[in-house]
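**Student:** The sequence isn't on hand, but the structure is:
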Ligand code: ZN
(Lines give C-alpha, C1' and ligand atoms only; values in the text may rest on other atoms or scores of the structure.)
Protein backbone atom coordinates (compact mmCIF):
# COMPACT_ATOMS: atom_id res chain seq x y z
CA UNK A 1 0.00 0.00 0.00
CA UNK A 2 1.19 3.53 -0.65
CA UNK A 3 0.45 6.92 0.87
CA UNK A 4 -2.85 8.35 -0.41
CA UNK A 5 -4.28 11.88 -0.31
CA UNK A 6 -6.48 10.73 2.60
CA UNK A 7 -3.38 9.58 4.44
CA UNK A 8 -1.77 12.97 3.92
CA UNK A 9 -4.90 14.75 5.23
CA UNK A 10 -4.87 12.61 8.38
CA UNK A 11 -1.16 13.21 8.90
CA UNK A 12 -1.76 16.93 8.54
CA UNK A 13 -4.21 16.73 11.45
CA UNK A 14 -1.60 14.82 13.48
CA UNK A 15 0.91 17.61 12.92
CA UNK A 16 -1.73 20.18 13.97
CA UNK A 17 -2.24 18.22 17.19
CA UNK A 18 1.53 18.14 17.69
CA UNK A 19 1.62 21.90 17.30
CA UNK A 20 -1.22 22.26 19.86
CA UNK A 21 0.70 20.04 22.27
CA UNK A 22 3.83 22.15 22.00
CA UNK A 23 1.83 25.35 22.49
CA UNK A 24 0.35 23.84 25.68
CA UNK A 25 3.78 22.94 27.09
CA UNK A 26 3.69 19.28 26.10
CA UNK A 27 5.89 17.55 23.53
CA UNK A 28 4.99 17.93 19.84
CA UNK A 29 3.37 14.64 18.95
CA UNK A 30 -0.19 13.99 17.74
CA UNK A 31 -2.05 10.91 16.53
CA UNK A 32 -5.36 9.76 15.04
CA UNK A 33 -7.24 6.47 14.99
CA UNK A 34 -9.23 5.97 11.77
CA UNK A 35 -11.66 3.10 11.21
CA UNK A 36 -11.57 0.75 8.26
CA UNK A 37 -14.30 2.83 6.56
CA UNK A 38 -12.31 6.05 6.96
CA UNK A 39 -14.04 7.58 10.03
CA UNK A 40 -11.85 9.38 12.56
CA UNK A 41 -12.64 7.53 15.80
CA UNK A 42 -10.27 9.14 18.28
CA UNK A 43 -7.48 11.66 18.35
CA UNK A 44 -5.05 12.76 21.00
CA UNK A 45 -1.77 14.54 21.53
CA UNK A 46 1.15 14.22 23.87
CA UNK A 47 0.33 15.19 27.50
CA UNK A 48 3.58 14.68 29.46
CA UNK A 49 3.71 18.20 30.89
CA UNK A 50 2.47 17.20 34.34
CA UNK A 51 5.17 14.59 34.85
CA UNK A 52 3.76 11.32 33.48
CA UNK A 53 6.13 10.59 30.61
CA UNK A 54 3.95 7.72 29.37
CA UNK A 55 1.15 10.07 28.22
CA UNK A 56 1.85 9.45 24.53
CA UNK A 57 -1.07 9.70 22.09
CA UNK A 58 -0.37 6.34 20.47
CA UNK A 59 -0.62 4.65 23.88
CA UNK A 60 -3.95 6.41 24.51
CA UNK A 61 -5.13 5.17 21.11
CA UNK A 62 -4.31 1.58 22.02
CA UNK A 63 -6.24 1.93 25.29
CA UNK A 64 -9.20 3.56 23.54
CA UNK A 65 -9.25 0.85 20.89
CA UNK A 66 -9.13 -1.94 23.48
CA UNK A 67 -12.15 -0.42 25.23
CA UNK A 68 -14.24 0.51 22.19
CA UNK A 69 -13.45 -1.78 19.23
CA UNK A 70 -13.77 -5.51 18.70
CA UNK A 71 -10.73 -7.39 17.38
CA UNK A 72 -11.87 -7.10 13.74
CA UNK A 73 -12.43 -3.37 14.12
CA UNK A 74 -9.00 -2.90 15.62
CA UNK A 75 -7.30 -4.87 12.86
CA UNK A 76 -9.11 -2.84 10.20
CA UNK A 77 -8.21 0.52 11.77
CA UNK A 78 -5.24 2.71 10.84
CA UNK A 79 -3.18 4.75 13.30
CA UNK A 80 -1.75 8.00 11.96
CA UNK A 81 0.94 9.79 13.91
CA UNK A 82 3.24 12.75 13.51
CA UNK A 83 6.22 10.76 14.85
CA UNK A 84 6.81 7.03 14.70
CA UNK A 85 5.74 5.08 17.80
CA UNK A 86 8.27 4.61 20.59
CA UNK A 87 8.78 0.99 21.75
CA UNK A 88 6.17 1.41 24.54
CA UNK A 89 3.52 2.57 22.10
CA UNK A 90 4.51 0.06 19.43
CA UNK A 91 4.12 -2.74 22.00
CA UNK A 92 0.67 -1.46 23.02
CA UNK A 93 -0.33 -1.36 19.34
CA UNK A 94 0.77 -4.96 18.92
CA UNK A 95 -0.89 -6.19 22.11
CA UNK A 96 -4.30 -4.77 21.21
CA UNK A 97 -4.06 -5.90 17.57
CA UNK A 98 -4.42 -2.60 15.73
CA UNK A 99 -3.83 -2.41 11.97
CA UNK A 100 -1.77 -0.24 9.66
CA UNK A 101 0.42 2.62 10.97
CA UNK A 102 1.30 5.71 8.94
CA UNK A 103 3.87 8.09 10.42
CA UNK A 104 5.01 11.50 9.16
CA UNK A 105 8.53 11.29 10.58
CA UNK A 106 10.48 8.31 11.89
CA UNK A 107 12.06 7.64 15.25
CA UNK A 108 15.40 7.45 13.48
CA UNK A 109 14.92 10.95 12.09
CA UNK A 110 14.13 12.33 15.55
CA UNK A 111 17.13 10.58 17.12
CA UNK A 112 19.40 11.93 14.37
CA UNK A 113 18.11 15.48 14.80
CA UNK A 114 18.60 15.32 18.58
CA UNK A 115 22.21 14.25 18.01
CA UNK A 116 22.70 17.01 15.45
CA UNK A 117 21.42 19.60 17.95
CA UNK A 118 23.37 18.19 20.90
CA UNK A 119 20.09 17.57 22.74
CA UNK A 120 19.78 14.68 25.21
CA UNK A 121 18.70 11.34 23.73
CA UNK A 122 15.41 9.83 24.89
CA UNK A 123 15.74 7.42 27.84
CA UNK A 124 14.11 4.65 25.78
CA UNK A 125 15.83 3.10 22.75
CA UNK A 126 14.74 4.17 19.30
CA UNK A 127 13.69 1.07 17.37
CA UNK A 128 11.60 0.71 14.24
CA UNK A 129 8.04 -0.39 15.04
CA UNK A 130 8.58 -3.60 13.13
CA UNK A 131 11.35 -4.63 15.52
CA UNK A 132 8.80 -4.50 18.35
CA UNK A 133 5.79 -5.78 16.35
CA UNK A 134 7.16 -7.96 13.55
CA UNK A 135 3.81 -8.20 11.77
CA UNK A 136 3.02 -4.48 11.82
CA UNK A 137 2.25 -2.79 8.51
CA UNK A 138 3.96 0.60 8.62
CA UNK A 139 4.44 3.45 6.17
CA UNK A 140 6.60 6.49 6.58
CA UNK A 141 8.33 8.79 6.85
CA UNK A 142 6.45 11.08 4.46
CA UNK A 143 8.93 13.65 3.14
CA UNK A 144 6.50 16.55 2.81
CA UNK A 145 6.15 16.75 6.60
CA UNK A 146 9.85 16.56 7.42
CA UNK A 147 10.61 20.27 7.53
CA UNK A 148 7.56 21.20 9.61
CA UNK A 149 7.90 18.41 12.17
CA UNK A 150 11.65 18.95 12.48
CA UNK A 151 10.97 22.59 13.35
CA UNK A 152 8.46 21.58 16.06
CA UNK A 153 10.99 19.16 17.54
CA UNK A 154 13.70 21.80 17.47
CA UNK A 155 11.48 24.29 19.29
CA UNK A 156 10.76 21.66 21.95
CA UNK A 157 14.05 19.82 22.41
CA UNK A 158 16.71 22.33 21.32
CA UNK A 159 15.08 25.78 21.42
CA UNK A 160 18.43 27.59 21.53
CA UNK A 161 19.73 25.88 18.39
CA UNK A 162 19.50 27.89 15.17
CA UNK A 163 18.12 26.31 12.00
ZN1 LIG B 1 5.28 6.40 22.75
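**Tutor:** That came through, no problem. Every value quoted in this text rests on a predicted model; they were computed, and no experiment measured them.
**Student:** Grab the nearest non-local neighbour of residue 44.
**Tutor:** Nearest in space to residue 44, with sequence neighbours left out and distances taken as CB to CB, 6 or more residues apart in numbering, is residue 57 at 4.0 Å. Quick note: C-beta positions are derived from backbone N, CA and C, even for glycine.
**Student:** neighbouring contacts of the longest helix along the chain?
**Tutor:** Among the segments of the chain that qualify as a helix by DSSP state H, the longest is helix 5-23. The contact list for helix 5-23 (CB atoms under 8 Å, 6 or more residues apart in numbering) reads 27-32, 34, 38, 40, 43-47, 57, 78, 80-83, 102, 104, 139, 142, 144-145, 148-149, 152, 155-156.
**Student:** Any buried residues in it, and which?
**Tutor:** Neighbour counts using 16 or more other CB atoms under 10 Å place 7, 10, 11, 12, 13, 14, 15, 17, 18, 19, 21, 22 of helix 5-23 among the buried residues.
**Student:** Throw those residues into CSV and include pLDDT and distance to residue 88, thanks.
**Tutor:** CSV is the format used below for the buried residues of helix 5-23 (pLDDT from 0 to 100; distance: CB to CB, whole Å):
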residue, pLDDT, distance to residue 88
7, 97, 24
10, 98, 22
11, 98, 21
12, 98, 25
13, 98, 23
14, 98, 18
15, 98, 21
17, 98, 19
18, 98, 18
19, 98, 23
21, 98, 17
22, 98, 21
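**Student:** Please consider this matter closed, and thank you.
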